[in-house]
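> Everything below, folded, please.
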Amino acid sequence: MRSDVALAVALAWMAPGIARGQAKPDSARRDSTAAVALVREVFAYEGGGRDPFVSLLKSGDIRPLLSDLKLVGIYYDQRYPVRSVAVLRDVTNGKRYRAKTGDVMGRLKVTQIRPREIVFTVQEFGFERQESLQLAKREETP
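Residues are numbered from 1 along each chain as shown. Model (predicted):
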């Protein structure tokens, strides 16, 4: 089946020159014994996750950036810290995120939520690093 497709593509590629009746130079006639076939492989990605052939800049998978996020609040559960929730806001577009431990937002993975900060694992260029955002300091009213 694949050879039939390759043959059809090769004939379609050569057909316009033959149909116009173009004469080939003598050097081309001498090399005509070597068959030339144009074969193009078509690939479709059907795996799970992100398609590696789609640009990250167009897909939006790299958003939000850590520098664009502001930690608005943390609802910390002392009995079961895994159930804690952090509320973040993207300062560029105003979008709000509710993050729990294990959630993934673009290249950011929530590693841990503490009473006053959230810890992310940032995955960039095949490397991982830890970054954190902290709540703004409380102001005491006299």
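> hey, where'd the helices end up in the protein?
In the chain, the segments counted as helices under DSSP state H are 2-19, 26-30, 56-59.
> average model confidence for the last one?
Confidence over helix 56-59 (mean pLDDT, whole number) is 58.
> follow-up on the earlier one: the helices of the chain: lowest mean pLDDT?
helix 26-30 - the lowest mean pLDDT of the helices of the chain, at a mean of 53.
> Quick one: residues contacting Leu108.
By C-beta atoms under 8 Å, 6 or more residues apart in numbering, the contact list for Leu108 reads Pro64, Leu66, Phe120, Thr121, Val122. Any C-beta I mention is one placed from the backbone N, CA and C, and that applies to glycine too.
> now the first one, nearest residue through space, not along the chain?
The shortest distance from Pro64 to any non-neighbouring residue, by C-beta to C-beta, 6 or more residues apart in numbering, is to Asp90 (4.9 Å).
> count of neighbours near the one you found?
Other residues near Asp90 number 16, with proximity taken as other C-beta atoms under 10 Å.
> likewise Arg89?
If we define neighbours as other C-beta under 10 Å, then Arg89 has 17 of them.
> and if you look at Ser84?
Ser84, neighbours per other C-beta under 10 Å, totals 20.
> what about it, distance to Asp103?
12 Å (C-beta to C-beta, to the nearest Å).
> What of Val82?
Val82 is 12 Å from Asp103, by C-beta to C-beta.
> So which of those two has more stuff around it?
The neighbour count for Val82 versus Asp103, taken as other C-beta under 10 Å, is higher for Asp103 (15 against 10).
> got a list of what the residue lying closest to that one once chain neighbours are set aside touches?
The spatial neighbour of Asp103 that comes closest, neighbours along the chain excluded (C-beta to C-beta, 6+ apart), is Val110 at 4.7 Å. Residues counted as contacts of Val110 (C-beta under 8 Å, 6+ apart) are Ala86, Ala99, Lys100, Thr101, Gly102, Asp103, Val104, Ile118, Val119, Phe120.
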